[in-house]
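Undergrad: need the 3D shape of this:
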Amino acid sequence: MINPMREKIIYNAMNPYMLRQPEPEAMDDAPEAEAYVLADFSEVNQAFVGRLFSLVGPLKIARVLDLGTGPGDIPIRIVRACPGWHIVAVDASRPMLDNARQSIRKAGLSTAITLVLADAKCTGLAPELFDVIFSNSILHHITDVTRFWAEVKRLAKPKATVLVRDLARPASPQAARQIVNQYARHESAMLREEYYRSLLAAYTLDEVREQLDRAGLTMLHVAMVSDRHFDVSGRLS
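TA: Next up, the predicted model:
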């Protein structure tokens, strides 16, 4: 039986989409983290970087925050293109950060990218510290989204650029399976199952807009950018 109070929090009864099915917030299982690291996200990661640069514009020196960095591929791509940017890359998974550390060291970028083991909802970092805050595929891991958006707001400098990209929840489990089969059919069985669970745990655009309203972040724009991803983007006022 569905808890009606829980449904009120995570599901709009007027929305025809299936209920959100939360998943663990941190990928602490080493084999799961390894499967994620071995997957080929080069195309989608590079597209994310391009989108971020288009939002930020010509900013040669910046202090940047990555919430949920995973294996660290996106910070590496960013710093290679913008050597004047320093990135603080946060993740709550020690196995993920171990993989990120190896990749960053191999790329020779250890002085440009600082790794922090922390919860994205409570990083412990100083307030109003960052010119740019970005996140790729972390929001669906988080159920207490109020704390996440409050942390984004707390850490951003005035007029900071924000880009949060994530999966949009499909209308049904069958639709989620179709997405997995279309985009991850060549990946490992473990990664395909992770992808499926992530789709079920994702939010709809209306739910994200409600989150931003509650957080006082209505200056951020929410829009689909692919058949399965949305962006939350904009500049804080």
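Undergrad: switch to C-alpha atoms for all contacts and neighbour counts from now on
TA: OK.
Undergrad: what's the spacing between Arg51 and Ile113?
TA: Counting by CA to CA, to the nearest Å, the gap from Arg51 to Ile113 is 20 Å.
Undergrad: those two: who's more crowded?
TA: Taking other CA atoms under 10 Å, Arg51 and Ile113 do not tie; Ile113 has more neighbours (23 against 14).
Undergrad: these two touch, right, that one and Val88?
TA: Yes: using CA atoms under 8 Å, Ile113 is in contact with Val88, at 5.9 Å.
Undergrad: intersection of neighbour lists for these two?
TA: Common neighbours of Ile113 and Val88 are not found (criterion: CA atoms under 8 Å, 6 or more residues apart in numbering).
Undergrad: quick one: buried residues of the strand ranked longest in the chain?
TA: Secondary structure of the chain per DSSP state E: the longest strand is strand 156-167. Of the residues in strand 156-167, 156-157, 160-167 count as buried by neighbour count, 16 or more other CA atoms under 10 Å.
Undergrad: what two of those residues are the furthest from one another?
TA: Lys157 and Leu167 (26.5 Å; CA to CA).
Undergrad: flag the shaky bits of this protein, pLDDT-wise.
TA: 1-17 (pLDDT under 70).
Undergrad: Tyr183 - how many residues pack around it?
TA: 11.
Undergrad: if you could redo that for Met190, that was the one I meant.
TA: Met190: 13 neighbours (other CA under 10 Å).
Undergrad: that one against Glu34, yeah?
TA: No: counting by CA under 8 Å, Met190 stays clear of Glu34, with 10.1 Å between them.
Undergrad: nearest spatial neighbour of Val49, skipping sequence neighbours?
TA: In space, and not counting its chain neighbours, Val49 is closest to Ile78: 6.5 Å by CA to CA, 6 or more residues apart in numbering.
Undergrad: in the chain, which spans are helices?
TA: Here the chain has its helices, by DSSP state H, at 4-10, 30-38, 42-56, 73-81, 94-107, 145-155, 173-183, 189-201, 205-215.
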